[in-house]
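**Q** just to be clear, the model below is a prediction. Sequence and coordinates:
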Amino acid sequence: MEKSCSLLIHFDKGTPALANEIKEALEGNDDAAKVDAMKKANMLVLNGETIPQLFITIIRYVLPSEDHTVQKLLLLYLENIEKTDSKGKILPEMILICQNLRNNLQHPNEYIRGVTLRFLCRICETEIIEPLIPSVLANLEHRNPYVRRNAILAVNAIYKLPQGDNLLVDAPEMIEKMLTTEADQSAKRNAFLMLYTCAQDRAINYLLTHVDKVSDWGESLQMVVLDLIRKVCRTNKNEKGKYIKTIISLLTVPSAAVVFECAGTLVSLSSAPRAIREASSTYCQLLLTQSDNNVKLIVLDRLDELKSSHRDIIVDMIMDVLRALSSPNHDIRRKTLDIVLDLITPRNINEVVLTLKKEVVKTQSGELEKDGEYRQMLIQAIHSCAVKFPEVAGTVVHMLMDFLGDSNVASAMDVIVFVREIIETNPKLRVSIVTRLIDTFYQIRSARVCSCALWIISEYCLSLSEVESGITVIKQCLGELPFYSASEDGDNKNTNESVKRSPQVNAITVSSKRPAILADGTYATQSAASETTFSAPTLVQTTLNSGNLRSLLLTGDFFLGAVVACTLTRLVLRLTEVQTSKVEVNKSTTQVLLIIVSMLQLGQSSFLPHPIDNDSYDRIVVCLRLLCNPDEQIKKIWLQSCRESFVQMLVEKQQQETEEIKAKSQVLLAQPDDLIDFYHLKSRKGMSQLELEDSVQDDLKRATGEFVNERDSANKLNRILQLTGFSDPVYAEAYVTVHHYDIILDVTIINRTKATLQNLCLELATMGDLKLVERPQNYTLAPESSKQIRANIKVSSTETGVIFGNIVYETSNVLERNVVVLNDIHIDIMDYISPAVCSDAAYRSMWAEFEWENKVAVNTVIQDEKEFLDHIIKSTNMKCLTPPSALEGYCGFLAANLYAKSVFGEDALVNLSVEKQADGKLSGYIRIRSKTQGIALSLGDKITLKQKGGA
C-alpha cells in the first residue's frame, strides 16, 4: 500500500545509491557531500526502501549541522520515514528528534524556524507534536513575519488533528486576537483562513466588524473572504444581502484575480439586475485590461453563461464585448462574435454592423497572416446580422462585394453566398447588386465563386440593359474565340504562349494599375483591354485582357464551362422576352451558340491534359439543343422553376432557424401545486434596494421552476450499476456521475458477513483514455455495515472506456486476502458528444481533411429508410444536417449527413447511405469520420450495437 507524499524529487535514472556509500558521505565533514547524500537517502525512502541503519548516522552527523540546505533535507527525510510500528505506536528513536526540533523552533535564524514549523504542518503523530506546542505558540509573537505566518499554519495543522482541540484548547481565540494586531498581509491571511476552517463564527464576526476595511486588505486575504462569503451564503441564503454589498465594494480593488472572483461570486449568489450588471461590467473590463489570451477566453465563457440566463442585461454590454475583437487571437474573436450575434436587437444592430464593417476594412491591410480567416468570420457575422435584420443589408452588401476577388476562397465564397441570399430577400437592392456584380465580375479568380456569381447574373438580370450587360461581360471574360487554333493543337511546345497571345487580337490596350494574381499567388501589374465589340461603355475599363473565365476554362474546369453555358442560355431566353428586335435576339443567340460549341471543341481536343467529363458535356449539349429548338414549357422551367426552388430553400432555412430558436427559448414551468410568493406583500423592513431585488429574483426563479431540477433525480436510478452479486460476502454498487472532463464513482460497499473486514481496498483499473486520479485507501468495515467510497477518474478524449477492478479484504480468521471481482463499468461515448450544427461547406471541408474513417455495413430489421435514419440519430445523439425537404418522398434510397461535437472540441461526421432492396430489406453503409481514432471506432461500435432497431 502506497502512502501519500508531499514532495517530488527529480533524479536521473541509473544505478541506485548504496546505503554504505550514503553512510560514508554523511560521516564526513563536507557539507556539499552531505547534501548529495541526503538527497540520495530521500530518493531511496520515497522508493520504498526502509534503510534503518542510516537513522542513527543521521542523528549523529546530520542533526548538529548548521548548513541550511542540510537541515531542510533532514526535515524532508524525517517526514518520509516511518514513525510508528506495525501496531501504530511511536518508535522509541523518534523521541531523539524532539529535542532537535525544539532547538530549531528556538533557533536564532528565521529560516530554520520557518522550515521547522512547515515540517510540523505535515506531522500527524501526537507524541512528537505535544512537547513542541509551547515553542510553536512562542513563535506566534516572533518579530519576523515569515516565522509568524508559518507558526499560524502549524497551529492550524495541529488543531485539525483528531485530538487537536485538546492540545490547543484556546487556539481560535488566540488566533483571533493575533489577527487584530497583525500587520503582515500573508500572516493575516493564514490567521483568517484558520478561523474560516476551524471557527467560522469568529471569522464571520471579524469580517463584519472590519467590513469597511476589506477593500484595503491584501489580495490573498480578500480571496479567503470571498470563499467564506460563498460558504456562508450557501448554508444560509437569508444572509446574502449584507454580504453582497461587501462583494460589490471589492469590485474596485486593483487585483484582477479578486475582481474576477467577485464577479463570479455575485453571479452565483444573486440574480438582482444591479448585481448582474456589476458582474458583467467587471467581465467586460477584464476583457480589455488583461493580456493573457487564456484569461480572455475564460471571461468570454462567463459572459456566455450570463447571456443565457440574463440576456436583457448583457444586451446593454454588447459594444463593450465587441471591443474584444482587438485581440489578434482567432479563438477569442470567434467566441466574441458568437456571443454578440445572440445579443443583436433592433436597437443595437446599426452600431454592431458599423463596428464589423470597420473590422473588415482593417483586414485589407494584410499585416497579419490570418487576415483572410478573420475576414471570413466577419463576413459570416455580417451575413447573420443581415438575415435577422434585412434593413441593414443595403449598408454592407456593396462594401463586401469588394472582396469577391479575395485570395482567400472561403472568404470570397461567403461573400457571394451572402449576396445571393440578400438579392432575393431584399428586392429593392436587386438593381444595384446586379450592376455592382457585373462591374466587379472580372476580379473573381475562384471557379466556385464564379459559378455562384454567374447563377445570380442569370436569375436576376431582368431588364434589357441588364441582360445585355450580363452577356457582354461573360463574353469579355471568355476572351476571343476560338479558345485554341488548329496549329496550337498540333504544337504543344508553344501552347502557353499561343494561348496568351490569342486574346490580344482586335483589342485596344488601355493603361491600368490593377494588380493581377498569378498562378503561384504573387501579384503582377498588367494592362487592361477594351474589346471593340463591347457595347456597354461603363464596362470598358473593367475588363482584363486575360479573362478570368478563359483562364479557368483553360485549366480544364468544365464544370464551370457548363455553368457558363447554362448562364448564357438563360440570359438569351430572357432576352427573347425583353428584346423586341428579333434581329438582336438572333445575333445574341448565334454568339452564344458559337461560345458553347467552342467550349465543346476545347473539351474534346488534345490541347488539355484531361478531356471534358460526361456530366458537363451533357449539360452543355442540353443548352445547345434548347437554343436551337426553344420550347415554351422548358423555357418556363429554366426561367421560373430554378428561382422558385431557391426561394423554397431560403424559406425552409428560415423555418428551421425559427424552430431552433423556439426550442432554446423554452422555459421551465412551475408545477400546479408549487408555492408562489407575492413580493408586493413582503415586509421591506430593514432591506436595502439590492436585497429586495435579489429576493424578488429568487421568488421568480422559484415560481418558474428554475430551483427544481427533477430531471437529475429521475435519471439518478438509471445510473446505479451493480458491481457484485447478492450472494457475495461484500455487496457493491456504484452511482456514476459523468462530468465533462472527469467521472465520479460513488461506490457503496456493504459487509454482508458477521466478521469484521480489515484492510478492505477498492482496486480499480481503466482501459482507454481514462486515468485514476488518486490511489485507493484501506478501510475497516464492521459486520453488516456499509461504506461510501468515492473514486475520481480523468477523461482525456472522446471514446468508449472500461473501468474494471476488484475488492480486496482480510478477515481475522484467515490470513489470506480475499478478492471479489467487480462487474465492468462501460463509459458510454454518448455522455461526451452532443448534436451540433455546421455549414455544408465546413462539413465538406472537414470530411476531406479528417483521416480516420470507420465504415459500418447496414444490418437492420427496419425496412423504412426514414425510420432507420431517425433510429440512428436517436442512438448516436447527432444532428441531421440534411434538410427535411431533401428527405421527403420515397425513391428507394436515402443519403444524409449527421454531425456532432464532443466536449473536448472534437468533430464527429457521419454519412448514412441506404438503399431498399427488392426483398424490402435495407442495405448500404454508414461512414464515420473524425480527426482522432477513438471517436471513430467508438461511434462505429455504438452504431453496430444499436442499428438493428428495437434495442
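**A** Nice, I can see it. Everything numeric in this text was worked out from a predicted model, so none of it was measured. Numbering: from 1, shown residues only.

**Q** residues contacting the closest residue to residue 346 other than its chain neighbours?
**A** Distances taken as Cβ to Cβ, 6 or more residues apart in numbering place residue 389 nearest to residue 346, at 6.7 Å, with adjacent residues excluded. Glycine gets a C-beta too; all of them are placed from N, C-alpha and C. Residues near residue 389 by Cβ atoms under 8 Å, 6 or more residues apart in numbering: 344, 346, 349.

**Q** repeat that for residue 190.
**A** Residue 190 touches 149, 152, 153, 156, counting by Cβ under 8 Å, 6+ apart.

**Q** distance to residue 931 and neighbour count for those residues - can I get that in a markdown table?
**A** Below are these laid out as a markdown table (distance: Cβ to Cβ, whole Å; neighbours: other Cβ atoms under 10 Å):
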| residue | distance to residue 931 | neighbour count |
| --- | --- | --- |
| 149 | 49 | 21 |
| 152 | 51 | 29 |
| 153 | 47 | 20 |
| 156 | 48 | 22 |
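
**Q** and residue 292, how many residues sit next to it?
**A** By other Cβ atoms under 10 Å, the residues close to residue 292 number 9.

**Q** residue 417 now?
**A** Neighbour tally, residue 417, other Cβ under 10 Å: 17.

**Q** over to residue 412?
**A** 28.

**Q** how about residue 393, nearest residue that isn't a chain neighbour?
**A** residue 386 (4.1 Å).

**Q** same for the helix or strand harbouring the one you found, what does it pack against?
**A** For residue 386, the host element (DSSP states H and E) is helix 371-388. Contact here means 3 or more Cβ pairs under 8 Å, 6 or more residues apart in numbering; DSSP states H and E; on that basis helix 371-388 packs against helix 330-341, helix 349-362, helix 393-400, helix 409-425.

**Q** could you rerun that using 10 Å?
**A** helix 330-341, helix 349-362, helix 393-400, helix 409-425, helix 642-664 (3 or more Cβ pairs under 10 Å, 6 or more residues apart in numbering; DSSP states H and E).

**Q** deepest of those helices, which one?
**A** Mean neighbour count (mean count of other Cβ atoms under 10 Å) peaks for helix 409-425 among the helices and strands packed on helix 371-388, with a mean of 21.

**Q** check the nearest residue in space to residue 400 that is not next to it in sequence and give its pLDDT.
**A** Of all residues not flanking residue 400 in the chain, residue 415 sits nearest, at 5.0 Å (Cβ to Cβ, 6+ apart). At residue 415, the pLDDT value in this model is 86.

**Q** burial count for residue 347?
**A** 10.

**Q** do you know how far it is from residue 312?
**A** 12 Å (Cβ to Cβ, to the nearest Å).

**Q** ok, now residue 638?
**A** Taking Cβ to Cβ, one finds residue 638 at 50 Å from residue 312.

**Q** pick out whichever of those two has more residues nearby.
**A** residue 638 (18 against 10).

**Q** how far off centre is the helix holding residue 386?
**A** 20 Å (Cα atoms, centre = their mean, to the nearest Å).

**Q** tilt between that helix and helix 330-341?
**A** If you take axes from the mean of the first three to the mean of the last three Cα atoms, to 10 degrees, helix 371-388 sits at 10 degrees to helix 330-341.

**Q** related to what we said a few turns ago, could the helices and strands packed on helix 371-388 go into CSV alongside distance to residue 935?
**A** Output for these, formatted as CSV (distance: least, Cβ to Cβ, whole Å):
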stretch, distance to residue 935
helix 330-341, 21
helix 349-362, 35
helix 393-400, 37
helix 409-425, 25
helix 642-664, 25
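
**Q** so for residue 923, which of these sits nearest?
**A** Nearest to residue 923, of all the helices and strands packed on helix 371-388, is helix 642-664, at 29.5 Å by Cβ to Cβ.

**Q** just want the angle from that closest one to helix 371-388.
**A** Going by the same axes, to 10 degrees, helix 642-664 makes 90 degrees with helix 371-388.

**Q** contacts for the helix or strand containing residue 780?
**A** For residue 780, the element it lies in under DSSP H and E is strand 778-781. Identification of contacts with strand 778-781 by Cβ atoms under 10 Å, 6 or more residues apart in numbering yields 1, 730, 749-751, 753, 755-762, 787, 789, 808-810.

**Q** write a ChimeraX command that selects only the buried members of those.
**A** Provided next is the ChimeraX selection string for whichever of those are buried by 16 or more other Cβ atoms under 10 Å:
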select :730,749,750,751,756,757,760,761,762,787,789,808,809,810
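
**Q** return the subset of the contacts of strand 778-781 lying in strands.
**A** Those of the contacts of strand 778-781 mapping onto strands are 730, 749-751, 757-762, 787, 789, 808-810, per DSSP state E.

**Q** for residue 827, state which of those is nearest.
**A** residue 762 (17.4 Å).

**Q** so for the residue of the chain most remote from its centre, what pLDDT did the model give?
**A** When distances are taken from the C-alpha mean of the chain, residue 583 lies farthest, 63.2 Å away, according to Cα atoms, centre = their mean. If you check residue 583, the pLDDT there is 89.

**Q** need the next SSE after the helix or strand hosting it, C-terminal direction.
**A** For residue 583, the host element (DSSP H and E) is helix 582-604. On the C-terminal side of helix 582-604, the closest following helix or strand by DSSP H and E is helix 614-628.
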